[in-house]
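Asker: Next input, structure requested:
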Amino acid sequence: MRKRALATAACLVFLSLPAWPAGGGGDGGGGGGGGGSRAEVKNLDPNYVAAQAAIKAEQWTDAIGRLTLVIQIDPNNADAWNLLGFAYRHTGDMDNSFKHYERALQLNPSHRDAHEYMGEAYLQVGRVEDAEKHLKALDKLCWLPCEQYTELKEKIQNYKRMRKS
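Answerer: Just a heads-up that it's a prediction; the model follows:
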C-alpha cells in the first residue's frame with residue numbers, strides 16, 4: 001500500500017511540472033515555441049511573428065529580412081538565429097545556413113530544433129557523418145524520444161537507403 005502511495009505521489013509531482021520547451025528552440029516548423037516570459041515577449045515582436053508567417057508561407061526572402069531585424073534588436077535570440085538558418089537553407093544558401101545554425105547553438109547548445117535542422121542541412125550537402133553527430137547530441141538532450149530526434153533519425157535512414165539504391 002505504501003509503495004502505491006509513493007508511486008502515485010511521484011506521478012502527481014511529475015505531472016505538475018511545467019512543460020519544458022523544445023530545446024528552447026521553437027516548434028520545428030518555424031513556430032515560436034519556448035515557454036516562460038522570454039518566449040511571450042519574443043512572440044510580441046511583430047518582426048518575429050511576421051517571420052514565422054513568412055516561413056509557413058515559404059516566403060524565405062521575407063523571413064530572412066524580418067529575422068535579420070529581430071537579431072539586430074535581440075542578438076541573443078537563439079530561436080531567431082535558428083530560423084534564419086532554416087530560411088537560408090531553403091534558399092539554397094548553405095554557407096549562411098550553417099553560420100546561423102552555429103550561432104543558435106553557441107547561444108543555446110541545447111537547442112533541439114537547431115540540432116535537427118543543422119543535421120538536415122548536413123544531409124543536404126552529403127555530410128552524413130556530421131548529421132549523425134547532431135543526432136547523437138539530440139539523443140543526449142531528449143530524455144524520451146523527442147520529435148527532433150525522431151525526424152532527424154528518419155531522414156538519416158532515408159538518406160542512407162537512397163544512397164544504397
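Asker: Quickly find the element holding the residue nearest to the spatial centre of the chain.
Answerer: For the chain, D113 is the residue whose C-alpha lies nearest the centre (Cα atoms, centre = their mean; 1.2 Å). Take DSSP states H and E as the rule and D113 turns out to sit in helix 112-124.
Asker: Can you point out the buried residues in that helix?
Answerer: Residues of helix 112-124 classed as buried: 112-123 (neighbour count, 16 or more other Cβ atoms under 10 Å). (Each C-beta comes from the backbone N, C-alpha and C, glycine too.)
Asker: how about the strands in this protein?
Answerer: Assigned strands in the chain: none (criterion: DSSP state E).
Asker: Longest helix of the protein, counting residues only.
Answerer: The helix that spans the most residues within the chain, counting by DSSP state H, is helix 147-164.
Asker: from what I can see L141 touches R112, true?
Answerer: Yes: with contacts counted by Cβ atoms under 8 Å, L141 reaches R112, the gap being 5.7 Å.
Asker: sorry, back to before: list the helices and strands the helix holding D113 packs on?
Answerer: Taking 3 or more Cβ pairs under 8 Å, 6 or more residues apart in numbering; DSSP states H and E as contact, the helices and strands that helix 112-124 lies on are helix 78-91, helix 94-107, helix 128-141, helix 147-164.
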